[in-house]
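> Need the 3D shape of this:
(chains A and B)
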Amino acid sequence: MAISKEAIYKTLSTVVDPEIPVITIEELGILKNVEIEGDKVIVFITPTYSGCPAMNMIELEMRTALLAEGIQKFEIKTVLFPPWTTDWISDSGLQKMKAFGIAPPEKTSRSKRVLFGETINVECPQCGSTNTEMVSRFGSTACKAMYRCLDCKEPFDYFKCL
Amino acid sequence: MVGRMSTSSENSKLNYILHLADNSLILGQRLGEWCGHGPVLEQDIALTNIALDLIGQARYFYQYAALTDNRGKSEDHYPYFRGEREFKNFLLLEQPNMDWAYTMARQFYYDSYCFVMYTEMLKSKDEQLVSIASKAIKEVSYHLKYSSEWVIRMGDGTEESHEKVQNAVNDLWEYCGEFFETTQYESEMIEQGIAVDASKLKEKWLRSVGEIFNEATLIMPEGKWFQTGGKEGVHTENLGYILTDLQYIQKTMPGLSW
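Residues are numbered from 1 along each chain as shown, chains lettered A, B, ... in the order given. Predicted coordinates for the structure are as follows:
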């Protein structure tokens, strides 16, 4: 094969999330790795949430990117284990998310995994205040919850810690 | 008993996977009925988000069923082309949405079950079931928080909300016994260390449901008689209507895709 797996990985790592178009699938931790078996390219990806409709779109964009590189023989495989966690989002991803107006998730190691009584300080991506409150556990997509800032009064999305 | 019964362990495994898949699909479909009808926008969005997680989980199970089944079917075959008697979902999940109290009571009973069941499934000898469970458990924990909060909010709310949710948990109680029954296909899979032995989860489930009811000032139903049969394909009349909706397009124009 003329093209190396590193080069293919690099090409694919430019594919962005259709819902948060400033972050790439590499930064999100969705793109796992690339392998070459004979003349066939195998790409491994992992979904964020089971029903995330963006996954279909992401696969389509990956196909387009591969075809644009002249790669015809490929397979995109979904792996579920180990399950995706927000801890896999890179630091650059977290920063871009915040700049985009979405409060980034806490590290799961820091959040207490108890059913109730969790106290997470979500920082308003607009003014930086931690005087915020949750409006709804579920937001515009499976990965987000709705919050509002009690200081600057702006509503915002919080990327749920998973 | 009705349904596709077989002594071969391959069939038992397929039936077990389909039981898991059908649970997620049917509840996902029911929740989808709320889309555009939620009492407020946030809750409308919440239910469709939960439905999406469930349909996603159902797809993992149907894909795995297709691999296990040696008839070369696609994942779409199982939701779209099987008859009512072949569906193995719990009766609880096909019960109508009724009102917010019923929808949340149904969700809460099932989320509580899923939480203990998927936790157990992480110890299965089947790698793919462990993979799906490890993914599902994260989503289910979040659903459980949500439905628990609503049960507490309604139970410990106004006189009217308390009465509504107490009636809902009382009425749906008779469908919960089925969670802990063991079918023939499960016993074979339990022996092989593949399926979860749900009969051993009842105490845990009762305890976690009891804790929330306590906080919600609700009285735990005491009924000892339970309606069963869903896991073996004997359903309430509701399932037929659900499938009529769900399967209409594929049965009219088989193989149609977007």
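> Where does residue B:203 fall, secondary structure wise?
Secondary structure from DSSP states H and E places residue B:203 in helix B:202-215.
> what packs against that helix?
Other helices and strands packing on helix B:202-215, by 3 or more CB pairs under 8 Å, 6 or more residues apart in numbering or on different chains; DSSP states H and E, are helix B:100-121, helix B:127-155. C-beta here means a position set from N, CA and C on the backbone, and glycine is covered the same way.
> quick one: buried residues of whatever helix or strand comes next after the longest one?
Right, the one you point to is helix B:127-155. Using DSSP H and E, the helix or strand that follows helix B:127-155 in sequence is helix B:159-172. For helix B:159-172, the neighbour count (16 or more other CB atoms under 10 Å in any protein chain shown) marks B:161, B:162, B:164, B:165, B:166, B:168, B:169, B:170, B:171, B:172 as buried.
> Which neighbouring elements make contact with the helix or strand just after helix B:159-172?
Following helix B:159-172 in sequence order, the next helix or strand is helix B:184-191 (DSSP H and E). Taking 3+ CB pairs under 8 Å, 6+ apart as contact, the helices and strands that helix B:184-191 lies on are helix B:9-32.
> if we can go back for a sec, got the contact list for the helix holding residue B:203?
Here helix B:202-215 makes contact (CB atoms under 8 Å, 6 or more residues apart in numbering or on different chains) with B:108-109, B:112-113, B:115-116, B:148, B:151-152, B:155-156, B:169, B:179-180, B:219-220.
> mind redoing it with 6 Å?
Residues from elsewhere that reach helix B:202-215 (CB atoms under 6 Å, 6 or more residues apart in numbering or on different chains): B:112, B:113, B:116, B:148, B:151, B:152, B:180, B:220.
> Of all the helices and strands packed on helix B:202-215, which one is nearest chain A?
Taking CB to the nearest CB as the measure, the helices and strands packed on helix B:202-215 were each checked against chain A, and helix B:127-155 came out nearest at 3.9 Å.
> Next, the angle helix B:9-32 makes with that closest one.
Calculated by axes from the mean of the first three to the mean of the last three CA atoms, to 10 degrees, helix B:127-155 forms an angle of 30 degrees with helix B:9-32.
> buried ones in helix B:127-155?
Residues B:128-152, B:154-155 are the ones in helix B:127-155 that count as buried (16+ other CB under 10 Å).
> Average pLDDT for that helix, rounded please.
Rounded to a whole number, the mean pLDDT of helix B:127-155 is 97.
> tell me how far that helix is from the chain's mean position?
Computed by CA atoms, centre = their mean, to the nearest Å, the chain-centroid distance of helix B:127-155 equals 12 Å.
> Flag the shaky bits of the chain, pLDDT-wise.
Picked chain A for this. Flagging of chain A using pLDDT under 70 yields the residue ranges A:1, A:109-119.
> Can you look at chain B instead?
The model of chain B has pLDDT under 70 over residues B:1-7.
> can we see that at 80?
B:1-8, B:258 (pLDDT under 80).
> Which residues of it lie near chain A?
Applying CB under 6 Å from any CB of the partner chain, we find that chain B lies next to chain A at B:42, B:45-46, B:49, B:52-53, B:55-57, B:131, B:134-135, B:138, B:146.
> As TSV, the contacts of helix B:202-215 with distance to residue B:193 would be great.
What follows is the contacts of helix B:202-215, written out as TSV (distance: CB to CB, whole Å):
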residue	distance to residue B:193
B:112	24
B:113	21
B:116	18
B:148	31
B:151	34
B:152	37
B:180	19
B:220	33
